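[1] quick one, structure for this:
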Amino acid sequence: MPHHTVERELELKLVLSPERSIPVPARLSYRVTDPYAVHIAFHIGSQSPVHWTFARELLVEGVFRPCGHGDVRIWPTRVEDRPVICVALTSPDGNALLEVPSAVVAAWVEHTLRLVPPGTESELLGLDEALAELLTPMPADDLWLGDPWGAADDTPSQDGEG
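    Numbering: from 1, shown residues only. Next up is the predicted model:
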């Protein structure tokens, strides 16, 4: 299996109010070894970045139309006549509204789709092979798969019956 990662450093905006936002450096990551997910690391000035992981499908769809429920919601819009993708994140620690340049996200998503086309993700996980290996009977399985009471045999028992 190929071990490819598609990464993109970018600056997004953390929206504090309709009038105020601050720049936040971030990194988008997509790994062939985790083909259903996208990862975002936000560098917010703390010792370690804040990481979010969600379905790649959400970002693919969110480039074109509003999508998502609950913790991650994504939608395209225009801010000051610039096309942006809004990402709303909700956690027990708080909420964040982020604006990401549409062209950057669309190009990055397109790269991930060329690397792993939609519908082919499961092939990369090796689930069929792993399941076949788990279900392959082993020699010791005969003890468990056979008749637990054993076949009736014609040997007389010690007490002379049978």
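
[2] ok, residues contacting stretch 105-117?
    With contacts defined as Cβ atoms under 8 Å, 6 or more residues apart in numbering, stretch 105-117 is touched by 4, 6, 8, 28, 30, 32, 35, 38, 56, 59-60, 63, 85, 124. Where you see a C-beta, it was placed from the backbone N, CA and C, and this is true even at glycine.

[3] again but with stretch 6-13, I slipped
    The contact list for stretch 6-13 (Cβ under 8 Å, 6+ apart) reads 21-30, 98-101, 104, 108, 111-112, 115.

[4] centre of the chain versus it, how much separation?
    Its chain's C-alpha centre and that of stretch 6-13 lie 18 Å apart, by Cα atoms, centre = their mean, to the nearest Å.

[5] just the CA trace of the lengthiest helix in the chain, in PDB.
    Counting residues, the longest helix found in the chain (DSSP state H) is helix 102-115. Extracted in PDB, the C-alpha atoms of helix 102-115 (Å, rounded to 0.1, in the frame of the first residue of the first chain):
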ATOM      1  CA  SER A 102     -12.000  28.500  -1.200                       C
ATOM      2  CA  ALA A 103      -9.400  28.100  -4.000                       C
ATOM      3  CA  VAL A 104      -6.800  26.700  -1.600                       C
ATOM      4  CA  VAL A 105      -9.200  24.200  -0.100                       C
ATOM      5  CA  ALA A 106     -10.700  23.200  -3.400                       C
ATOM      6  CA  ALA A 107      -7.200  22.500  -4.900                       C
ATOM      7  CA  TRP A 108      -6.100  20.500  -1.900                       C
ATOM      8  CA  VAL A 109      -9.300  18.500  -1.900                       C
ATOM      9  CA  GLU A 110      -8.900  17.800  -5.600                       C
ATOM     10  CA  HIS A 111      -5.300  16.500  -4.900                       C
ATOM     11  CA  THR A 112      -6.700  14.100  -2.300                       C
ATOM     12  CA  LEU A 113      -9.400  12.900  -4.700                       C
ATOM     13  CA  ARG A 114      -6.800  12.200  -7.400                       C
ATOM     14  CA  LEU A 115      -4.700  10.300  -4.900                       C
END
